[in-house]
Every structure is written in structure tokens, then in C-alpha cells.
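Undergrad: Quick one: sequence plus predicted model below, questions after.
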Amino acid sequence: MSEIAELRATVEALGGKVRQLEDQVEIMQLVAQYGPSVDSGSGDATAALWTEDGAFDAVPQLRMRGRQDIAGMVHGAGHQSLIRSGCGHVLTVPHIVVDGDTATGRSYALNIRWDAAADRFWVARVSANTWRWVRTPDGWRVQERINANLDGTPEHRAMLAPPASPAKTVVTETVAGGEAS
Amino acid sequence: MSEIAELRATVEALGGKVRQLEDQVEIMQLVAQYGPSVDSGSGDATAALWTEDGAFDAVPQLRMRGRQDIAGMVHGAGHQSLIRSGCGHVLTVPHIVVDGDTATGRSYALNIRWDAAADRFWVARVSANTWRWVRTPDGWRVQERINANLDGTPEHRAMLAPPASPAKTVVTETVAGGEAS
Amino acid sequence: MSEIAELRATVEALGGKVRQLEDQVEIMQLVAQYGPSVDSGSGDATAALWTEDGAFDAVPQLRMRGRQDIAGMVHGAGHQSLIRSGCGHVLTVPHIVVDGDTATGRSYALNIRWDAAADRFWVARVSANTWRWVRTPDGWRVQERINANLDGTPEHRAMLAPPASPAKTVVTETVAGGEAS
């Protein structure tokens, strides 16, 4: 192989790694926008994190389908009352597994509410979250998010179970296969 | 264009993407140092996260200007009493928007305190945080952080409102503009 | 230097930066898998985050050595009772300092438990965490994690103290040295 062909191959391989890193960081940043969007009452910005027909299940209360449902939840009486009383929707960085133009993830969401009389917050919910993201012409968007309280319900904690190759990340090509564990 | 000129253009484009990723990861890591620094009582290390003249507002109690003020807060009687009683300053990964040599962000900070008698913690504060970072010869530093309790005060939750192009991240050049949402 | 030699040097430098970013993101993602693994009761997946002989100290209760101990903890009566009652092990993104094939870090872990009678959660533990990671043929793994409650014990909060060059990150080569702070 000529010197330049060799170098081109190196650059192409590097480009693939950079795309994988971009996917990871962009998805982290997409998720980091959920809390600030809902807690500031920004319904349209929240909805824009999803695809046009994106799904969001807040088990068991709410089953949202499409951006209008999601914006409607944020603008609705229930959520508005929550944020006017003082509330933080605190999400963790998900474990993200990218597969081409889709990705899946698992994380936590805390719903913490202000108690003015007690001068402290109380933790209303700690929930398991599963995510399905999709790459769109505008960047990664949420296709499906399921959010279910970790109240001992077996199906809810099962949502957090690792995918087939648990310790694999998309950044390296290595897998944890073949080990005793 | 010659083969080598073409390849050079590809490498330059890749270099730009890598710089954007470095900015994101470095700022995430800068923020990840705040909690451990204050909770270990390391005033100088905390102050070093800011620029020399950096600002830190803990609304409404404290208005710190410059590294000396910030180190002074950590070494002060109030904070020292807090950490001696048991306390965690738990920050989330911010949504980060980089614009050249400055960047802005939004995130949460939890102030959680030990109650030895009850053998549990209580959540003293969940606050909205806005950040302004600046690229210095020593890397990214905090130029301004505002921290205000999510106690229902409209101005505090408004701090979390998304910037103009809500779903945009710095990693991709795409924006969510033009959509119904 | 010839045009191609120059370009090759640029690509090599870029490759080094990409590897540093990969290390950061991979370690973040390794840590992001702990909570979901233990809260779904996945003992083997949890153990696979560690090296074969990895150490995990949950001070002062548990001193685990090797994957079998870690899987045993997850499958054990204590942990199983915890997750059946409803529990979230919520970890933050650590501050990560990579040094070749090893890395160290500091972060928080929250242990939050469901109280069905009160229809809310309570924060059982907020702990200081120190990590030692190692690069293996299968990617980064945990070599040692120490987890100790932030209950005012001086040694526990000292775990969060910054390494020698506090504001340094691995992404840039710059350090905060020489400053007044």
C-alpha cells in the first residue's frame, strides 16, 4: 500500500472512532436537557428532545405519544403545579449502547420536591428509565422513554438489567465475552 | 485537489470535531471536581476551578467574587461545620453549549446532609445552576456560577430555560430549527 | 519534513487525543453500569465491571475481593431484600485522571430507598467513592472501589480530596500549576 493510502486508512479509522465519541457525548447532552426543560416549564423545548412521533411512558400515570402529548404534559395543570411548588427532575448519565442509527440506554430519574414548611426537599420518586434514541437529520432524538418507579415492582427493576454484553461500550470494539463472569 | 490536499482537509475537519469533544469532556470533568473539592474542604482546589476573578453566587446567602472569596467560603465556619456534620454536594452533568472560547450551561446541585440521630440523610437543597465557562491558557475554568434553590421562586426555575436552539448540541452542527415544536 | 510526513505527525497527534477521549468516555460508561446492574439484581454483570481480582470496599460492612465476592453480594439476602423493597443506587460521573493504563477517580453514590407507607423515598446513604481503573484487553475495568458514608468521619471526606494537580484533566495537557491558588 502506498504511503498516502496507508495514511488515508488511518484517518478513516480515526474518523470512525470520533463518530462513536460524538454519538456518546451527543446522547449524554440530549438527556442532560430533559430536567432543565421540564423544570423551567419549557414544553416545546422538552418535546423537541423527542422525535415527532416519540413515545414517553410515565408508568403508570401517563402514556404520551408524539411531541404534542409531551408538550401538553409540561404545560398541563399537574406539572405546572409541581414546578410552582418547587421541584427538580434530576436525571443521571445513562449507560448508552449505540447500534448504527439507533441506541438504547438505562438510567435513573429522581423527582425531588420542595417542602416549604419543613425547609427541605423530599424524594417523591426514584425511577428506572429505559431509552431508545434514533439518529435524525437534526441529530439524536428520543424515540421512546419509559420511566417507572423503583418501588419494588419486579418489572420496574428488570428494566435496568444489562443488555447481552454487559460491560461492552461502543467506544472500544472489545467485549467482555468468554469470561467466567 | 491533489490526493494529499484532500486528505489534509479531511484531517482538519476531524481535528475540529475532536476539539469540540475535548471541550465537552473537559467541562464535564471541571464540574465533576466541584463536589469532591468542597466536601473534602479543599478551598484552594475549589477556587482553582474558577478564573482568578470568577464569580459564584449562592442565592441569596453568598456573593463570591474572585478565588479568595471562594476559598474563604470553603474554609469558613459555615461550610466547615457542614462537612464535619456530614454533607454531600452532588452535582449533575450540565447541558453545555460551547461558543468559541466561552461556554454556558445548566445543571442541578443537591445539598444532602447527614442526620446521625435518624441514621439517614435529608435533602437540604436542590438548586438550579447556570454556568459560564471560559477557555484559559490552563484549560476551561468557571467564570460565573449561579446557584439558586428550586423552591418555587419563578426566577430560579427560569434559570433552567433552554437557550435559543434547545436541542442543539455542540457536537453536531445540526439544529432543531424549523420544526413544529 | 515532507508534506506527507507532516500530515502523518498531525494524524498521530490527533490519534492520541482521540484515545484520551475514549478513555474518559469509556470509564464514564463503565461507572454508569454499576447502578443498573445491582438494582436489577444482575450479579454477574456487576462483577464483570471489575477485574477478576478486583476489590470493592463498602466501608465498614463489606470487604469484597474478586468477582465471586461481588456477585455474591448482589445475589445475597441483604441486597436482594433491598431491591425487592425498592432501591436506587445512584452514582455520579466521577472526576477521572488517566495515567497510561491505569486511572483514578472520585465520585458520589446515593443509596435511596422506597418507603411504601410514606409514598416517598428516603436517602439511606450518600457516600464518597474512590476508584482505581485498569485498562485490560477487554477494555477498562474496576480494580478497586472504596465506598464510605459521608457521615462526618474525617477519613471519609478526605477520600474526596483532589489529586496533586487539582484542575488538571487528561484531555488537555495543561495544568493549573504556578497560580496563586
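TA: Thanks, I have the structure now. On a predicted model such as this, the values are computed, not experimentally measured, just so you know.

Undergrad: shaky segments in chain A?
TA: A:165-181 (pLDDT under 70).

Undergrad: who's sitting farthest from the centroid in it?
TA: Of all residues in chain A, residue A:2 has its C-alpha farthest from the mean position, at 44.4 Å, by Cα atoms, centre = their mean.

Undergrad: For that one, what are phi and psi?
TA: Here the main-chain torsion angles of residue A:2 (degrees, to the nearest 10) amount to phi -70, psi 160.

Undergrad: Tell me who's in contact with it.
TA: By Cβ atoms under 8 Å, 6 or more residues apart in numbering or on different chains, residue A:2 lies in contact with nothing. The C-beta positions use only the backbone N, C-alpha and C, and glycine is treated the same way.

Undergrad: hmm, try it at 10 Å
TA: A:8, B:3, C:4 (Cβ atoms under 10 Å, 6 or more residues apart in numbering or on different chains).

Undergrad: Quick check: closest non-adjacent residue to residue A:103.
TA: Closest residue to residue A:103 in three dimensions, ignoring its sequence neighbours and counting by Cβ to Cβ, 6 or more residues apart in numbering or on different chains: residue A:133, at 4.4 Å.

Undergrad: a strand runs through that neighbour, doesn't it?
TA: Yes: assigned with DSSP: H, G, I helix; E, B strand; the rest coil, residue A:133 falls within a strand.

Undergrad: By neighbours, which of the contacts of residue A:2 wins?
TA: residue A:8 (19 neighbours; other Cβ atoms under 10 Å in any protein chain shown).

Undergrad: so what's that residue up against?
TA: Residue A:8 neighbours (Cβ under 10 Å, 6+ apart): A:1-2, B:3-4, B:6-7, B:10-11, C:11.

Undergrad: So which of the contacts of residue A:2 are in strands?
TA: Within the contacts of residue A:2, no residue falls in strands by DSSP state E.

Undergrad: closest to residue A:50 among the residues you listed?
TA: The closest of the contacts of residue A:2 to residue A:50 turns out to be residue A:8 (Cβ to Cβ; 38.6 Å).

Undergrad: Quick check: the closest one vs residue C:14, distance?
TA: Separation of residue A:8 from residue C:14 (Cβ to Cβ, to the nearest Å): 14 Å.

Undergrad: Do you have the strands of chain A handy? List them.
TA: Going by DSSP E, chain A shows strands at A:50-59, A:62-65, A:87-91, A:95-99, A:102-115, A:120-136, A:139-149.

Undergrad: same for the last one, what does it pack against?
TA: Under the contact definition 3 or more Cβ pairs under 10 Å, 6 or more residues apart in numbering or on different chains; DSSP states H and E, strand A:139-149 sits against helix A:3-32, strand A:50-59, helix A:67-75, strand A:102-115, strand A:120-136, helix A:154-158.

Undergrad: Could you rerun that using 8 Å?
TA: helix A:3-32, strand A:50-59, strand A:102-115, strand A:120-136, helix A:154-158 (3 or more Cβ pairs under 8 Å, 6 or more residues apart in numbering or on different chains; DSSP states H and E).

Undergrad: Residue A:9 - nearest residue in space that isn't next to it in sequence?
TA: residue A:1 (7.5 Å).

Undergrad: hang on, isn't that neighbour packed against residue A:7?
TA: No: using Cβ atoms under 8 Å, residue A:1 is not in contact with residue A:7, being 9.6 Å away.

Undergrad: gap between the two ends of stretch A:60-72?
TA: 17 Å (Cα to Cα, to the nearest Å).

Undergrad: ok now do the residue nearest in space to the middle of chain A, which residues does it touch?
TA: Nearest to the geometric centre of chain A sits residue A:31, at 4.6 Å (Cα atoms, centre = their mean). Residues near residue A:31 by Cβ under 8 Å, 6+ apart: A:91, A:93-94, A:105, A:107, A:131.

Undergrad: Go through these and say which is closest to chain B.
TA: residue A:93 (5.4 Å; Cβ to the nearest Cβ).

Undergrad: about what we covered before: quick check: the gap between the residue nearest to residue A:103 and chain B.
TA: Taking Cβ to the nearest Cβ, to the nearest Å as the measure, residue A:133 falls 12 Å from chain B.

Undergrad: what does residue A:20 give?
TA: Distance from residue A:20 to chain B, by Cβ to the nearest Cβ: 11 Å.

Undergrad: can you count the residues close to residue A:6?
TA: Burial of residue A:6 is recorded as 12 neighbouring residues (other Cβ under 10 Å).

Undergrad: ok, residue A:31 to residue C:163 distance?
TA: 28 Å.

Undergrad: thinking again about what came up before, from the strands of chain A, which stretch is densest packed?
TA: strand A:87-91 (a mean of 24; mean count of other Cβ atoms under 10 Å in any protein chain shown).

Undergrad: angle of that strand against strand A:139-149?
TA: 110 degrees (axes from the mean of the first three to the mean of the last three Cα atoms, to 10 degrees).

Undergrad: Strand A:87-91 and chain B, any residue contact?
TA: Yes: with Cβ under 8 Å from any Cβ of the partner chain as the criterion, chain B is reached by strand A:87-91 at A:87-88, A:90-91.

Undergrad: of those residues, closest to chain B?
TA: Closest to chain B, out of all of the residues of strand A:87-91 next to chain B and judged by Cβ to the nearest Cβ, is residue A:88, at 3.9 Å.

Undergrad: ok, that closest one to residue B:115 distance?
TA: 20 Å.

Undergrad: before we move on, back to that, closest one of the contacts of residue A:2 to residue C:26?
TA: Of the contacts of residue A:2, the one sitting nearest to residue C:26 (Cβ to Cβ) turns out to be residue A:8, at 26.4 Å.

Undergrad: Next one: that closest one relative to residue B:8, how far apart?
TA: Applying Cβ to Cβ, the value for residue A:8 to residue B:8 is 11 Å.

Undergrad: same check, this time on residue A:7
TA: 10 Å.

Undergrad: hey, what's in contact with both of those two?
TA: residue C:7.

Undergrad: I'd like to know which of the helices and strands packed on strand A:139-149 lies nearest to residue C:151.
TA: That would be, of the helices and strands packed on strand A:139-149 and by Cβ to Cβ, strand A:120-136, which comes in at 18.0 Å.

Undergrad: by contact count, what packs against that closest one?
TA: Using 3+ Cβ pairs under 8 Å, 6+ apart, strand A:120-136 sits against helix A:3-32, strand A:102-115, strand A:139-149, helix A:154-158, strand B:120-136, strand C:102-115, strand C:120-136.

Undergrad: For the nearest residue to residue A:101 once chain neighbours are set aside, list the residues it contacts.
TA: The spatial neighbour of residue A:101 that comes closest, neighbours along the chain excluded (Cβ to Cβ, 6+ apart), is residue A:135 at 4.1 Å. Residues near residue A:135 by Cβ under 8 Å, 6+ apart: A:23, A:100-103.

Undergrad: Any idea what residue A:135 is bridged to?
TA: The partner list for residue A:135 in beta bridges (DSSP bridges) reads residue A:140.

Undergrad: Check the spacing between it and residue B:88 real quick.
TA: For residue A:135 relative to residue B:88 (Cβ to Cβ), the value is 36 Å.

Undergrad: do the same with residue A:147
TA: 24 Å.
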